[in-house]
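1. quick one, structure for this:
(2 chains)
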Amino acid sequence: MTVVRLQEPSMIRPAAASPPSGSASATDLLRWPIVGALLRWRHVRTATQIVLLLIAVVVVLHGLLGPQLAPKNLATVLTWIHYRGLLIGALLAAGNVFCGACPMILVRDLARRVHPPARHWPRWLGGKWVALAGFAVVLFVYELFDLWALPAATAWLVVGYFGAAVLVDVLFTGAAFCKHVCPVGQFNFIASTLSPLEVGVREPAICQACKTVDCIKGRRDAASPAIVIQRGCELALFLPSKVGNLDCTFCLDCVQACPHDNVAIDVRVPGDELVDDRVRSAIGRLSRRPDLAALALLFTFGAVLNAFAMIGPVYAVEHWIAQALRTQSETPVLALVYVVALGVIPLALCVGAAWLTRGLVATSASVINVAVRYAYALVPFGVGVWLAHYGFHFLSGIWTIVPVAQSAMMDVAGAALLGEPNWRWLGMRPGAVFPLQIGAVLLGTLGSLVLAYRVSDREYPDRAGRAALPWMVLIGGLALLALWILAQPMEMRGTGLGG
Amino acid sequence: MSLEGHMTHAGMAPVMAAAVERAPGIYEAEFAFTMRGDWVLLVSVTLPDGARVERRIDVANVRPSG
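-> The predicted structure is shown next:
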């Protein structure tokens, strides 16, 4: 049993705030044979968390004690090849299952038994701004220190991540780390808007008659009310007014908590929620969340920058900046690249497009307000670029785990218990992956174009085409840039000012 | 004596080559970098007494010549 605190009553929104997004259907995975039984198993989350925790332990131990050559170390292979590839694949094939199985929450739950949190996350730090900063810092640090090439640093990153999660969540109630801090979580939240599955309500009428709202408050021991037998949603998503996947960690606590067995995991149209401006439980309207719009932009432009950093022309850009700054140090050069590419350029392009849309449809809405409404339309393109990038590493290096595991076993056991490592185990040829990368970017671009038009149709139904035009040009331009990047020879290298 | 070439990024194809002794203490191996970027060369030597010695040589920023 885990003792947690009750959610604030103010977090519970009335069911009538907005219509439920879910409904009873034959596509409810929880009703499927075998899969449904597995997902409804009370310990499914703990079981998956234990598996990932064991993998994390292996990553840390081999990262610190194994060979300090990235292609021969489980820390770098598992983290930068397999985890990232499987993460984006799972998000697009199912949902935010990696958050659901996050081993840090398992460790956090244990830590909370020793030190239960007593504070609420500060209101002035609400929203996603802290996580946004963390997301940008992680992208920057990854590039600055060439983390993909450093097994020990990768291991320390994992240890630090666990430490941060535990520290935040033994201080603050609920899922403060997941909601307000975790950079990977924010990546997952925004990408999961493209997921085909969503946790929702089966029969809305049952929720309207429900008096206990266990899905959010959890269930308590009748004799000792301080003891929570089953917790409700730690991210304060009240199912009857939950819309979409944002902030949903797929933990399935609500499935266990609902006394009416009224929760579903339903199939839906990926990306549809990005044009849904209904009031969302614990989120509000997307059009009134500049922090979430900024997250969509960081996610999208971060994808392009992360891919750009792996091709030759980045050298020319860095040398030009280094000469302009008269420095030989990589840190200020890279910092400037990141500030411009993740801050100045996205802001300028979006404000510019919003300004044009505003002029084309003669609306009185502010430029920022227009930009926030359209920013979410860029997400499918961003997902396409992340998929193209991470998918490349995953598919072209998928079998490298075999010789690395064989080698690690030799180091541990002193004998080739898994066989002699064969370093020619790789994956698909990079040339064979290229068409898939192009397909991912084009599909994402198409999704973004459709969403830009649908946002226009929602906001300016009689001038939708005209309103969408600047955004379609922006999306088209970004797509051309991404295709050009993918067509360049990839350079597996640090971004040092070498050359 | 053998050579292994790896990119600094995991998941990429390594290059393997065996070295041939051309003169006492002088070994020659055919080796081609198959990709731009940062490489690590691992030189493995088996000594007459059977002991193995491995040396790591970092080769940064490999680019096409010309």
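2. could the C-alpha coordinates of stretch A:472-490 be exported in PDB?
-> The C-alpha trace of stretch A:472-490 is given here as PDB (Å, rounded to 0.1, in the frame of the first residue of the first chain):
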ATOM      1  CA  MET A 472       1.200  26.200 -45.200                       C
ATOM      2  CA  VAL A 473       4.100  28.100 -46.700                       C
ATOM      3  CA  LEU A 474       6.000  27.800 -43.300                       C
ATOM      4  CA  ILE A 475       5.300  24.100 -43.100                       C
ATOM      5  CA  GLY A 476       6.300  23.600 -46.700                       C
ATOM      6  CA  GLY A 477       9.600  25.500 -46.100                       C
ATOM      7  CA  LEU A 478      10.400  23.400 -43.000                       C
ATOM      8  CA  ALA A 479       9.700  20.200 -44.900                       C
ATOM      9  CA  LEU A 480      12.100  21.200 -47.700                       C
ATOM     10  CA  LEU A 481      14.700  22.000 -45.100                       C
ATOM     11  CA  ALA A 482      14.200  18.600 -43.400                       C
ATOM     12  CA  LEU A 483      14.400  16.800 -46.700                       C
ATOM     13  CA  TRP A 484      17.600  18.600 -47.600                       C
ATOM     14  CA  ILE A 485      19.100  17.700 -44.200                       C
ATOM     15  CA  LEU A 486      18.200  14.000 -44.600                       C
ATOM     16  CA  ALA A 487      19.700  14.000 -48.100                       C
ATOM     17  CA  GLN A 488      23.100  15.100 -46.800                       C
ATOM     18  CA  PRO A 489      25.700  12.600 -45.900                       C
ATOM     19  CA  MET A 490      25.400  11.900 -42.200                       C
END
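3. distance between that stretch and the chain's centre?
-> The chain centroid and the centroid of stretch A:472-490 are separated by 22 Å under CA atoms, centre = their mean, to the nearest Å.
4. could you do stretch A:129-137 as well?
-> Centre-to-centre, stretch A:129-137 and its host chain are 12 Å apart (CA atoms, centre = their mean).
5. equivalent analysis for stretch A:409-426, please.
-> Remark: stretch A:409-426 is offset 34 Å from the chain centroid, using CA atoms, centre = their mean.
6. need the contact partners of that stretch.
-> Applying CB atoms under 8 Å, 6 or more residues apart in numbering or on different chains, the external contacts of stretch A:409-426 come out as A:66-67, A:396-400, A:402-407, B:4, B:11-14, B:16. No exception for glycine: its C-beta is placed from N, CA and C like everyone else's.
7. quick check: mean pLDDT of it?
-> Averaging pLDDT along stretch A:409-426 gives 91.
8. put the buried members of the contacts of stretch A:409-426 into a ChimeraX selection.
-> Selecting only the buried entries of these in ChimeraX, with 16 or more other CB atoms under 10 Å in any protein chain shown as the criterion:
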select /A:66,67,396,397,398,400,402,403,404,405,406,407 /B:4,11,12,13,14
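9. could you list which of the contacts of stretch A:409-426 belong to helices?
-> Among the contacts of stretch A:409-426, the members falling in helices (DSSP state H) are A:396-397, A:402-407.
10. can I get the residues you listed in a markdown table including distance to chain B?
-> Shown next, in a markdown table, are the ones in helices among the contacts of stretch A:409-426 (distance: CB to the nearest CB, whole Å):
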| residue | distance to chain B |
| --- | --- |
| A:Ser396 | 6 |
| A:Gly397 | 2 |
| A:Val402 | 12 |
| A:Pro403 | 9 |
| A:Val404 | 8 |
| A:Ala405 | 13 |
| A:Gln406 | 14 |
| A:Ser407 | 12 |
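11. so what's the closest residue to chain B within the stretch 1-150 of chain A up against?
-> Per CB to the nearest CB, A:Ala149 is where the stretch 1-150 of chain A lies closest to chain B, at 3.9 Å. By CB under 8 Å, 6+ apart, the contact list for A:Ala149 reads A:70, A:76, A:494, B:8-9, B:38.
12. ok, how many other residues are close to A:Pro240?
-> A count of nearby residues for A:Pro240, using other CB atoms under 10 Å in any protein chain shown, gives 26.
13. got it, and the one 10 residues further on?
-> Neighbour count for A:Phe250, taken as other CB under 10 Å: 25.
14. again with the one 4 residues further on
-> Applying the criterion other CB under 10 Å, we find 25 residues in the vicinity of A:Cys254.
15. likewise A:Glu198?
-> A:Glu198, neighbours per other CB under 10 Å, totals 26.
16. and the helix or strand harbouring it, what does it pack onto?
-> Element membership of A:Glu198, judged by DSSP states H and E, is strand A:197-201. Where contact means 3 or more CB pairs under 8 Å, 6 or more residues apart in numbering or on different chains; DSSP states H and E, strand A:197-201 is packed against strand A:263-267.
17. buried sites along the strand it packs on?
-> By 16+ other CB under 10 Å, the buried positions in strand A:263-267 come out as A:263-266.
18. quick one: low-confidence parts of the chain?
-> All of this refers to chain A. Low-confidence segments of chain A (pLDDT under 70): A:1-25, A:492-499.
19. can you look at chain B instead?
-> Applying pLDDT under 70 to chain B picks out residues B:66.
20. can you pull the residues of it lying near chain A?
-> Within reach of chain A by CB under 8 Å from any CB of the partner chain, chain B has these residues: B:4, B:6-14, B:16, B:35-38, B:40, B:42, B:56, B:60-61, B:63.
21. nothing else from me, thank you.
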